[in-house]
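Q: Give me coordinates for this.
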Amino acid sequence: MDKFIFYKDNVLSDNECDDIIKALNKSLTSLKNHQYREYEYCDIENTDLSLMKKIVLLSNSIIKDYIKEYPELNLTGDQFALTSCRFKKFKKDKSFKTWHSEHCKEFSTRILNIMYYLSDHNCGTEFFDGSVINSVKGRAIIFPSYFTHTHRGQVCPDKKIRYLLTGYFNFIWFV
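A: Got it, this is the predicted structure:
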């Protein structure tokens, strides 16, 4: 497996995943302009502040495990935090199949991605080097946002709807 890709199982229980899907699916119906061909989404920080707080606390716990595995992250000297989180509902037979990374001119402060798989599927996140992290309900995955970790979503061969939470750890600036 590629260095700097970390995952942890059972971060969310099956019931917690189901509750998140149920709660945030309602938000999707009122946000019709938040649709792509592959998926619908809503930004949690604009939808459910109590859930966002829970995800931030959970992500802060997981990032500690990541740093134990990769302590060089602390050598940047810059502070970072989870600053946004998005709920995504992928339509049957769809995925984010374009190779991409999240660090770019528009999002130049992103350093790490975190994803929470809210449903089980016979597919996952595929990295350009050929490694794959399977979509397992309750699993969290963290990896760098840079071109070194270019990735894409795989299509679910079972033609099921897929649910994810995605978030970004960004460098934070103080005034």
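Q: looking only at pLDDT, what's the mean for stretch 6-15?
A: For stretch 6-15, mean pLDDT is 96.
Q: Read off the pLDDT value for the nearest residue to Glu126 once chain neighbours are set aside.
A: Distances taken as C-beta to C-beta, 6 or more residues apart in numbering put Val132 closest to Glu126, at 4.9 Å, once the chain neighbours are dropped. All C-beta spots, glycine's among them, are computed from the backbone N, C-alpha and C. pLDDT for Val132: 93.
Q: Likewise for the one 10 residues further on?
A: Among the per-residue scores, Ile142 shows a pLDDT of 97.
Q: still on that earlier bit, contact partners for the residue nearest to Glu126?
A: The contact partners of Val132, taken as C-beta atoms under 8 Å, 6 or more residues apart in numbering, are 124-126, 154.
Q: can I get those in TSV with secondary structure and pLDDT?
A: Shown next, in TSV, are the contacts of Val132 (DSSP: H, G, I helix; E, B strand; the rest coil; pLDDT from 0 to 100):
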residue	secondary structure	pLDDT
Gly124	strand	89
Thr125	strand	92
Glu126	strand	93
Gln154	coil	87
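Q: Please identify which of those is nearest to Trp173.
A: Of all the contacts of Val132, Trp173 sits closest to Thr125, with 29.2 Å by C-beta to C-beta.
Q: quick one: that closest one and Ile133 touch, right?
A: Yes. Using C-beta atoms under 8 Å, Thr125 is in contact with Ile133, at 4.9 Å.
Q: Which neighbours do these two have in common?
A: Joint contacts of Thr125 and Ile133 (C-beta under 8 Å, 6+ apart) are Ile141.
Q: Run through the helices of the chain in chain order.
A: 14-29, 49-69 (DSSP state H).
Q: could you check the angle helix 14-29 makes with the last one?
A: Spelled out, that is helix 49-69. Counting by axes from the mean of the first three to the mean of the last three C-alpha atoms, to 10 degrees, helix 49-69 lies at 130 degrees to helix 14-29.
Q: And for helix 49-69, what's in contact with it?
A: Applying C-beta under 8 Å, 6+ apart, the set of residues contacting helix 49-69 is 6, 8, 11-12, 20, 23-24, 44-45, 73-74, 81-82, 85, 112, 114, 116, 140, 142, 165, 167, 169.
Q: Now do the helix or strand of the chain with the lowest mean pLDDT: which elements does it pack against?
A: When the helices and strands of the chain are compared on mean pLDDT, DSSP states H and E, strand 39-43 comes out lowest with a mean of 77. When contacts are defined as 3 or more C-beta pairs under 8 Å, 6 or more residues apart in numbering; DSSP states H and E, strand 39-43 packs onto helix 14-29, strand 80-90.
Q: need these in CSV with distance to Tyr146 and mean neighbour count, can you?
A: Formatted as CSV, these follow (distance: least, C-beta to C-beta, whole Å; neighbours: other C-beta atoms under 10 Å):
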stretch, distance to Tyr146, mean neighbour count
helix 14-29, 28, 15
strand 80-90, 14, 20
